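Asker: model this:
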Amino acid sequence: MNTSRLIEFSEEDLAELDEVAQYAETMTPALGAMEVGNVRNQARAGAIAERVSRRQAASGV
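Answerer: Below is the predicted model:
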């Protein structure tokens, strides 16, 4: 039994979908920059944690 049907979009629906697509294209570079910043912050936090761990190990804590 084939239950697949085509979805029919109104002109308003298509216009709204186009607006969403344009917004997504606009936001993609910003989101990429946020991801890069997040990875950098995680790497920095990891480096700090490693430094603290080594300092504690050296002092016998």
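Asker: quick one: mean pLDDT over stretch 15-26.
Answerer: Mean per-residue pLDDT for stretch 15-26: 92.
Asker: and for L14, the neighbour number?
Answerer: The tally of other residues near L14 (other C-beta atoms under 10 Å) stands at 10. No exception for glycine: its C-beta is placed from N, CA and C like everyone else's.
Asker: quick check: which element contains it?
Answerer: In this structure, L14 is located in helix 11-59 according to DSSP states H and E.
Asker: where does pLDDT dip in the chain?
Answerer: Low-confidence segments of the chain (pLDDT under 70): 1-3, 61.
Asker: and with 80 instead?
Answerer: Filtered on pLDDT under 80, the chain yields the residue ranges 1-5, 7, 61.
Asker: return the distance of stretch 41-54 from the chain's centre.
Answerer: How far stretch 41-54 lies from its chain's middle: 22 Å, per C-alpha atoms, centre = their mean, to the nearest Å.
Asker: just the C-alphas of it, formatted as CSV.
Answerer: Provided in CSV are the C-alpha atoms of stretch 41-54 (Å, rounded to 0.1, in the frame of the first residue of the first chain):
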residue,chain,number,x,y,z
ASN,A,41,37.6,28.1,24.8
GLN,A,42,37.4,24.3,25.5
ALA,A,43,41.1,24.0,24.4
ARG,A,44,42.1,26.8,26.7
ALA,A,45,40.1,25.3,29.6
GLY,A,46,41.8,22.0,29.0
ALA,A,47,45.2,23.6,29.0
ILE,A,48,44.5,25.4,32.3
ALA,A,49,43.3,22.1,33.8
GLU,A,50,46.4,20.3,32.7
ARG,A,51,48.6,23.1,34.1
VAL,A,52,46.8,23.0,37.4
SER,A,53,47.1,19.2,37.5
ARG,A,54,50.8,19.2,36.8
